[in-house]
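J.: Give me a 3D structure for the following:
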Amino acid sequence: MTSSGLAQEGTTLTVAGEGAVTVPADVVIVSVSITVEDENVTLASLLACEGLNRTIEALIEAGVNRDDVSAGRGRSVSKIQSTSRICDNSSCVAVADEAVTLVKEEVTIRFDPRNEDLINRSFEAATSQGAEAAISWYALEEKEEAFTEARKKAVEDAEEEARALAAAAGLRLGERLEIYEPSPPTVVQDSGAVDLFDIAMMDLFDLSWPWSLDPFEKESPPQAGMLEVRSMVMVTYRVYP
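T.: Numbering: from 1, shown residues only. Modelled structure (predicted):
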């Protein structure tokens, strides 16, 4: 918070205002994966692909819209190499065991968070096929209303701070001259929130302001499925003696 005196324009006061609103997510992303372990990477890849194909068809039979299954299907391959120690009376030798290959096929599916019954059925369908299902993240597509409310609260917070500062300095707060927004409002979710479906979530966004890692006080993390929209503004006012 800074104030500056200008000969022609009079005295101004610039303060930072913060605003936050909590809103329900309108999209939930679920990841479904099949992992196969085998020494033969080609065979493991084939089995993982076939397993995920069966799982996707089971999900569609459970009510999932085929269009909601992401086109971005991924595969990861990792190799596990273990060693054994063989010792005699004088020395020990490390011997490499046969390497095991893990192939993971994964696909993501978008759901309406309000359709909890479909989400539960999908988890059951995935499990029945030997797949793993987990909520990866929540998202907010319809942002405008939440952004407007967060910005409004940020401007109100700035005016409250400006009045307090002006009064402390023995000045009277005048008209608002400028509102500067360093960056658009940001949507965040707390990674420690308890999942509605008892599944841990990861952060949706990483918020970092130029002057502070996180200027917002965290009284309590949002519940699972709830996202926090944060806004920060810099507001300049005229002040008078």
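
J.: and stretch 72-87, which residues are buried?
T.: Within stretch 72-87, no residue qualifies as buried by neighbour count (16 or more other Cβ atoms under 10 Å). Every residue, glycine included, has its C-beta placed from N, CA and C.

J.: Packing partners of the helix or strand hosting Ala164?
T.: Following DSSP states H and E, one finds Ala164 within helix 144-168. If you count contacts as 3 or more Cβ pairs under 8 Å, 6 or more residues apart in numbering; DSSP states H and E, helix 144-168 packs onto strand 10-24, strand 172-180, strand 226-240.

J.: which one of those strands has the most crowded surroundings?
T.: strand 226-240 (a mean of 21; mean count of other Cβ atoms under 10 Å).

J.: wait, which of the helices and strands packed on helix 144-168 is closest to Thr101?
T.: strand 226-240 (38.5 Å; Cβ to Cβ).

J.: Extract the C-alpha set from that closest one and format it as CSV.
T.: Output in CSV follows, covering the C-alpha atoms of strand 226-240 (Å, rounded to 0.1, in the frame of the first residue of the first chain):
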residue,chain,number,x,y,z
MET,A,226,-15.9,-26.8,-4.5
LEU,A,227,-13.5,-24.4,-6.2
GLU,A,228,-12.3,-21.0,-4.9
VAL,A,229,-12.2,-18.1,-7.3
ARG,A,230,-9.6,-15.4,-6.3
SER,A,231,-9.2,-11.9,-7.5
MET,A,232,-6.7,-9.2,-6.7
VAL,A,233,-6.8,-5.5,-7.8
MET,A,234,-4.8,-2.4,-7.2
VAL,A,235,-7.0,0.6,-6.7
THR,A,236,-5.9,4.3,-6.6
TYR,A,237,-7.9,7.0,-4.8
ARG,A,238,-7.7,10.7,-4.4
VAL,A,239,-7.2,11.8,-0.8
TYR,A,240,-7.8,15.2,0.8
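
J.: what residues does stretch 170-187 touch?
T.: If you take Cβ atoms under 8 Å, 6 or more residues apart in numbering as the criterion, stretch 170-187 is touched by 11-13, 139-140, 143, 146-147, 150-151, 155, 159, 162-163, 166-167, 204-205, 207, 209-210, 227-241.

J.: And the helices in this protein?
T.: Using DSSP state H, the helices of the chain run over 41-61, 116-128, 144-168.

J.: quick one: which of these is nearest Thr35?
T.: helix 41-61 (6.9 Å).

J.: which parts of the closest one are buried?
T.: Buried, per 16+ other Cβ under 10 Å, within helix 41-61: Ala44, Ser45, Leu47, Ala48, Cys49, Gly51, Leu52, Thr55, Ile56, Ala58, Leu59.

J.: That helix relative to helix 116-128, how many degrees between them?
T.: 150 degrees (axes from the mean of the first three to the mean of the last three Cα atoms, to 10 degrees).

J.: what helices or strands is helix 41-61 leaning on?
T.: In terms of contacts (3+ Cβ pairs under 8 Å, 6+ apart), helix 41-61 is packed against strand 27-38, strand 74-80, strand 100-111, helix 116-128.
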